[in-house]
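A.B. asks: This is the structure alone, sequence omitted:
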Ligand code: WQD
């Protein structure tokens, strides 16, 4: 099969492309390079530069490369930014998806894997989040991911498309230093940023109803996440008309304070955090039940939080050579 991987020049996309080609699939990357990097696309994988809002360009890419499956990763994904730019997020993440699905169904593509998010759950008040946990997104970003799932499932039902909506939990780590996330919009790189500046990491609130008072999240290594896409792609290919919605997490919670302690230990620093005001809208605990992904895909995460921190730190050091010990 030939898979069009939108957003394949991004941090997660680059890992998905390598996992797919490593599994013997043919891949074509479609990316507008607004945040993606062309040199993340491996040799031998065609890169089509364009916006998913450009339906004609998408249609040509699907036809020119004989695409039979799509993995859709291209999206805006910063929660805080989505609050200040909701229309931009709805245009890129929902209208862009609609244009893509229009081209996909016209081209007779049979399989569609969609990058969704744990953000669709909002503030779930459960120990482990299952796919049946009610969705109540707290940000325009989360809303666009839930609306995206509705679009994908509705199109799948009417167009005979096999679909998989993968709800990513907190993604971290890197397969190689040069594939690491270049942004600092999530906990682990934000800790690195503080340590690099010789400052203490910040804990956004320590009064939550959790064992140490700090927020608990389910961190998933990007390599495990990429392998989940391969497993989903194979599951869709083998069962036409399938409609999967799956949590992609480890099923284990780690608190902010625990992450900071591990980062200090693994990077040779010794900088206790300072407590900052809680971030509005932050749920105390969001941890996946990954049972359905195991049952439906035979997939289970293999890497732990130390693997994520160590690999992310190697990537951070590559871009910030001055990131020495405190
Ligand atoms: C994690 C925890 C912060 C920085 C993410 C994103 C998105 C989505 C869902 C895929 C929170 C705390 C952070 C810092 C801190 N994934 N924190 N000090 O908010 O769980 O959501 O996961 O779509 O990636 O929406 O991730 O990394 O922003 O924060 O205390 O310097 O770390 O308050 O509790 P979050 P995050």
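C.D. replies: All right, it came through fine. Here the structure is a predicted model, which is why all the values come from computation and not from measurement.
A.B. asks: List the contacts of the helix or strand containing residue 28.
C.D. replies: With elements taken from DSSP states H and E, the one containing residue 28 is strand 26-31. Applying Cβ atoms under 8 Å, 6 or more residues apart in numbering, the external contacts of strand 26-31 come out as 1-10, 13, 17, 20-21, 41, 45-50, 52, 58, 61, 65, 67, 74. C-beta: built from backbone N, CA, C; applies to glycine.
A.B. asks: and that strand, which strands flank it?
C.D. replies: Its sheet considered, strand 26-31 pairs with strand 2-6 (parallel), strand 47-49 (parallel) by DSSP bridges.
A.B. asks: Need these in CSV (columns: mean pLDDT and mean neighbour count).
C.D. replies: Putting these into CSV (pLDDT from 0 to 100; neighbours: other Cβ atoms under 10 Å) gives the following:
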stretch, mean pLDDT, mean neighbour count
strand 2-6, 98, 26
strand 47-49, 98, 17
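A.B. asks: would JSON lines of the ones you listed with distance to residue 297 be doable?
C.D. replies: As requested, the strands paired with strand 26-31 are exported to JSON lines (distance: least, Cβ to Cβ, whole Å):
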{"stretch": "strand 2-6", "distance to residue 297": "16"}
{"stretch": "strand 47-49", "distance to residue 297": "28"}
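A.B. asks: out of these, nearest to residue 209?
C.D. replies: Smallest distance to residue 209 across the strands paired with strand 26-31 (Cβ to Cβ): 39.0 Å, for strand 2-6.
A.B. asks: just the angle between the next helix or strand after the closest one and strand 26-31, please?
C.D. replies: Once the chain leaves strand 2-6, the next helix or strand it forms, by DSSP H and E, is helix 11-22. Orientation check (axes from the mean of the first three to the mean of the last three Cα atoms, to 10 degrees): helix 11-22 against strand 26-31 gives 160 degrees.
A.B. asks: next one: helix 11-22 to chain centre, how far?
C.D. replies: Centroid separation for helix 11-22 versus its chain: 12 Å, with Cα atoms, centre = their mean, to the nearest Å.
A.B. asks: Flag every buried residue along it.
C.D. replies: Residues of helix 11-22 classed as buried by neighbour count (16 or more other Cβ atoms under 10 Å): 11, 12, 13, 14, 15, 16, 17, 18, 19, 20, 21.
A.B. asks: Does at least one residue of that helix sit close to the ligand?
C.D. replies: No. Judged by Cβ under 6 Å from any ligand atom, helix 11-22 and the ligand are separated, with a smallest distance of 8.9 Å.
A.B. asks: Other residues contacting that helix?
C.D. replies: Contact partners of helix 11-22, identified using Cβ under 8 Å, 6+ apart, comprise 3, 5-8, 27, 29, 31, 36-37, 40-42, 44-45, 71, 73-74, 115, 168, 171, 174-175, 179-183, 222-223, 225-227, 229-230, 233.
A.B. asks: Helix or strand for residue 154, just tell me which one.
C.D. replies: Here residue 154 is assigned to helix 140-159, by DSSP H and E.
A.B. asks: Please name every helix or strand in contact with that helix.
C.D. replies: Counting contacts by 3 or more Cβ pairs under 8 Å, 6 or more residues apart in numbering; DSSP states H and E, helix 140-159 packs against helix 79-84, helix 86-90, helix 96-106, strand 111-117, strand 162-168, strand 243-248.
A.B. asks: Buried residues of the third one, list them for me.
C.D. replies: Neighbour-count burial for helix 96-106, counted by 16+ other Cβ under 10 Å, picks out 96, 97, 98, 99, 100, 101, 103, 104, 105.
A.B. asks: helices and strands around that helix, which ones?
C.D. replies: Judged by 3+ Cβ pairs under 8 Å, 6+ apart, the packing partners of helix 96-106 are helix 55-64, strand 69-72, strand 111-117, helix 140-159.
A.B. asks: will you turn the ones you listed into CSV that also has distance to residue 86?
C.D. replies: Listed next are the helices and strands packed on helix 96-106 as CSV, based on distance: least, Cβ to Cβ, whole Å:
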stretch, distance to residue 86
helix 55-64, 23
strand 69-72, 21
strand 111-117, 16
helix 140-159, 4
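A.B. asks: Dump those to a markdown table, plus mean neighbour count.
C.D. replies: Below are these laid out as a markdown table (neighbours: other Cβ atoms under 10 Å):
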| stretch | mean neighbour count |
| --- | --- |
| helix 55-64 | 17 |
| strand 69-72 | 26 |
| strand 111-117 | 26 |
| helix 140-159 | 20 |
